[in-house]
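Trainee: When you get a sec, could you give me coordinates for this:
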Amino acid sequence: MRTIQKVALAVFKDKKMLQVRSRKQSEVFFTLGGKIEQGEDDLSCLKREVKEEINCDIDENSLQFLTEFKDIAHGKEEALVNIRMYEGKLIGEPKPSSEIAEIGYFDTSSDKKHLSVIAQRTIFPWLKEHRYIN
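Mentor: Okay, the predicted model is just below:
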């Protein structure tokens, strides 16, 4: 089974985490970030993806590695996704780019139909256990 390598930025507000919905998805929101391109390290990927998705920069001094998550890739049961997650603060107010339909803040009480498989099964439970979200 192939593994997709991703890096994500967790941005918290009022004990909820920022998530984005791509124009390609009807209901599901995903963490900020994406696939690491050839020649990129985690930071350069995060900076590129956050700029592309919500038109913000990252306060690099605020970045802190949280943990790594691995589960079935959403909508791709033949693949796994491995996400290295960082916590950080944004410079600027998040606004959806042309590839993002919607931005929202979610916690474990949010409707599960809006969360990816990995968010439901591993990310949100871990964040709640470590008191980042409700």
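
Trainee: what's next to the host helix or strand of residue 44, contact-wise?
Mentor: Using DSSP states H and E, residue 44 maps to helix 42-54. Applying CB atoms under 8 Å, 6 or more residues apart in numbering, the external contacts of helix 42-54 come out as 7-9, 20, 32-37, 40, 56-58, 60, 63, 84, 86, 88, 90, 94-97, 99-100, 103. In short, each C-beta sits where N, CA and C put it, glycine included.

Trainee: Quick one, which of those residues are buried?
Mentor: Buried by 16 or more other CB atoms under 10 Å: 7-9, 20, 32-34, 36, 56, 58, 84, 86, 88, 90, 94, 96-97, 100, 103, out of the contacts of helix 42-54.

Trainee: Residue 101 touches residue 22, doesn't it?
Mentor: Yes - counting by CB atoms under 8 Å, residue 101 does reach residue 22; the two are 6.6 Å apart.

Trainee: what comes up buried for stretch 36-51?
Mentor: 36, 42, 45, 46, 47, 49, 50.

Trainee: Let me know the average pLDDT across it.
Mentor: Computed over stretch 36-51, the mean pLDDT rounds to 97.

Trainee: Specify the beta-bridge partners of residue 35.
Mentor: For residue 35, the beta-bridge partners under DSSP bridges are residue 6.

Trainee: For it, which residues are in contact?
Mentor: 4, 5, 6, 45.

Trainee: Of these, select the buried ones using a PyMOL command.
Mentor: Restricted to buried positions by 16+ other CB under 10 Å, the PyMOL selection for the contacts of residue 35 reads:
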select buried, resi 6+45
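
Trainee: With respect to residue 119, which of the buried residues of stretch 36-51 is nearest?
Mentor: residue 49 (16.6 Å; CB to CB).

Trainee: Provide the contact partners of the least confident helix or strand in the chain by mean pLDDT at residue level.
Mentor: The helix or strand of the chain with the poorest confidence is helix 117-118; it has a mean of 92 (mean pLDDT, DSSP states H and E). Residues outside helix 117-118 that contact it (CB under 8 Å, 6+ apart): 69, 71, 72, 73, 74, 81, 83.
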